[in-house]
Each structure stands twice: as C-alpha cells, then as structure tokens.
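Student: Next one to model:
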Amino acid sequence: MAYLALYRRYRPTDFEHLIGQDHIVKTLTNQITENRLGHAYLFTGTRGTGKTSCAKTFAKAVNCLDSKNGSPCGKCSACLALSDPSNIDVIEIDAASNNGVNEIRELRENVQYPPVSVKYKVYIIDEVHMLTGAAFNALLKTLEEPPKHAIFILATTEAHKIPATILSRCMRFDFKLISTEKIAELISSIYDEQGKEYEKEAVTAIAKAGEGSIRDALSIADIALSHSKGKLTYKDVTEILGASNFE
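Tutor: The predicted model follows:
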C-alpha cells in the first residue's frame, strides 16, 4: 500500500478529535442533538485549521443513526455509506476548478433530487470565494429556497471576497489558529504511535513552524520522520526548516 501522508492519515473523523475549535464543535453538536440544523453554513479561517474535516464530520453527524453527543458513531449504516468514496449523498465541489455558472446551474438541478441512502444531502463547496459573480448569483437562488433535504457548507480562507447576499444566508463559523501547545501534543502522540524518538524541543519547533496550521505542521513532521533514522533532535528540525536556532 502506498504511504499515506500524516496529515491525511490523522485527519479527524469525529468532533472529539477536531483540535482547537471547541467553540464551533459545541455549537454544531448542540444543533444536531436539539435538531436545530441550518440549511447553509460558512466555515472560514486560515488553511489547515480543520474546515474541510469539520464539514465532512458534520455531514456524517447530521445523518448518523446513533449519534454520540452530536458526533457520528462511525458504525451505523449511514456512517458506513458516507465513508464509501462512491457515495453521492455528500458532494464535495472544488470551487477553484469548478467556478463557473454552468457548474452551479447543474448543482441547482441536482439538489432537487432527494438523497439515496441517508436523510440529508450535503454539499461541501471548498474555496467558495473563487466562484464567479454569475455563479454566486446562481447559488444565491438555491440558498434562498433550498429543499428540506439539502444542507450547504461553504468553506473559504477569504470570507471578505464572498458577496454580502451569500453571507447573510449562512451561519458563519470562524476557525481559529491552533496553539503551538496543541499542535505539539498532536505531533508527540503521532511520533509515539510511530515509535519515533524525539526531543521535546524538536517537536515544539515543528509546531511553531506550522504557524497555527495543523496541516502545515504535520507536513514538516512528515519530513522530519524521514530525515532522522534515530532520535529526532532540535538541530535536525532547524536543518529541515533552514532556520537558525530560535534562541
């Protein structure tokens, strides 16, 4: 089997493992347990802070048949169905490469069809700020009068580029930068699982280099994993980063 990058292998699949976004997790899980779901959500924040992971988890959670405190169980028929890459009830759209009005018109036509195997059909539109003006206008009509079985999650790193008419129809959630301490804890747990010895200062240096982004930090941690066959030292990390000693 091909090697799977750390940031993909350790992507959270439930709310318990979504690091540093407790304010968002609390609101979303309360909405699920109290059955107060919205029809459109906006997830915004810096890269690598968990927007897409949260969107995928939320898509499972709203359809889960045995939800645990608002988090998906991962074992019921709905969770298993949505884990299948061929499932058509959770649709991920990359707006960076599908940003035209024709793609959104196709979405408007397909959204009318009910989900096949679960309760809600969820559309996750990543980098939504990349849509053209005409595409935003086409999307607006759908957000104004969505079918009851559809939920939209718009993810972006640049919320200021989204028209106010779209913003006003979404519940907005701002993802915070992750603290160095939390990122360091995650990397330490991964290295422990991998059987990799390390200096605490080395892991802290990797976490700092991530600058609040878990994905960036894990990419560096992945390189460090291969850089040193023995114990990972602080000096190894500064060599990888091409940086001088922080002190």
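Student: contacts and neighbour counts: CA atoms only from here.
Tutor: Will do.
Student: Counting by contacts, list what the strand or helix carrying residue 216 packs against.
Tutor: Assigned by DSSP states H and E, residue 216 falls within helix 214-227. With contacts taken as 3 or more CA pairs under 8 Å, 6 or more residues apart in numbering; DSSP states H and E, helix 214-227 sits against helix 6-9, helix 180-194, helix 200-209, helix 234-241.
Student: So the nearest residue to residue 223 once chain neighbours are set aside versus residue 222, what's the distance?
Tutor: If the residues on either side of it in the chain are set aside, residue 223 comes closest to residue 240, at 7.8 Å by CA to CA, 6 or more residues apart in numbering. Here the distance between residue 240 and residue 222 works out to 11 Å (CA to CA, to the nearest Å).
Student: what's the overlap in contacts for those two?
Tutor: When contacts are counted by CA atoms under 8 Å, 6 or more residues apart in numbering, residue 240 and residue 222 have no shared neighbour.
Student: so where's this protein shaky on pLDDT?
Tutor: 1, 243-247 (pLDDT under 70).
Student: and residue 230, how many neighbours?
Tutor: Residue 230 has 11 neighbours, counted by other CA atoms under 10 Å.
Student: Skipping adjacent residues, who's closest to it in space?
Tutor: Excluding its sequence neighbours, the residue lying closest to residue 230 (CA to CA, 6+ apart) is residue 197, at 7.0 Å.
Student: what do you get for residue 87?
Tutor: Nearest residue to residue 87 in three dimensions, chain neighbours excluded: residue 81, at 6.6 Å (CA to CA, 6+ apart).
Student: Which parts of this protein are helices?
Tutor: Listed in chain order, the helices of the chain (DSSP state H) span 6-9, 22-33, 51-61, 77-83, 101-110, 133-144, 164-167, 180-194, 200-209, 214-227, 234-241.
Student: Kindly compare burial across those helices and name the winner.
Tutor: Comparing these by mean neighbour count (mean count of other CA atoms under 10 Å), helix 51-61 comes out on top with a mean of 24.
Student: Only C-alpha atoms, please: export that helix in PDB.
Tutor: Only the C-alpha atoms of helix 51-61 are listed here, as PDB (Å, rounded to 0.1, in the frame of the first residue of the first chain):
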ATOM      1  CA  LYS A  51     -12.600  23.500   8.000                       C
ATOM      2  CA  THR A  52     -12.900  20.600   5.500                       C
ATOM      3  CA  SER A  53     -12.500  17.900   8.200                       C
ATOM      4  CA  CYS A  54     -15.200  19.600  10.200                       C
ATOM      5  CA  ALA A  55     -17.500  19.800   7.200                       C
ATOM      6  CA  LYS A  56     -17.100  16.100   6.400                       C
ATOM      7  CA  THR A  57     -17.700  15.200  10.100                       C
ATOM      8  CA  PHE A  58     -20.800  17.400  10.200                       C
ATOM      9  CA  ALA A  59     -22.100  15.700   7.000                       C
ATOM     10  CA  LYS A  60     -21.900  12.300   8.700                       C
ATOM     11  CA  ALA A  61     -23.200  13.600  12.100                       C
END
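Student: starting at the chain centroid, how far to it?
Tutor: 6 Å (CA atoms, centre = their mean, to the nearest Å).
Student: what's the answer for stretch 77-93, then?
Tutor: On CA atoms, centre = their mean, the centre of stretch 77-93 falls 16 Å from that of its chain.
Student: quick one: terminal-to-terminal distance for that stretch?
Tutor: Start-to-end span of stretch 77-93 (CA to CA) is 24 Å.
Student: now stretch 92-108
Tutor: By CA to CA, the extent of stretch 92-108 from end to end equals 14 Å.
Student: contacts for that stretch?
Tutor: Outside stretch 92-108, the residues within contact range by CA under 8 Å, 6+ apart are 123-132, 134-136, 138-139, 142.
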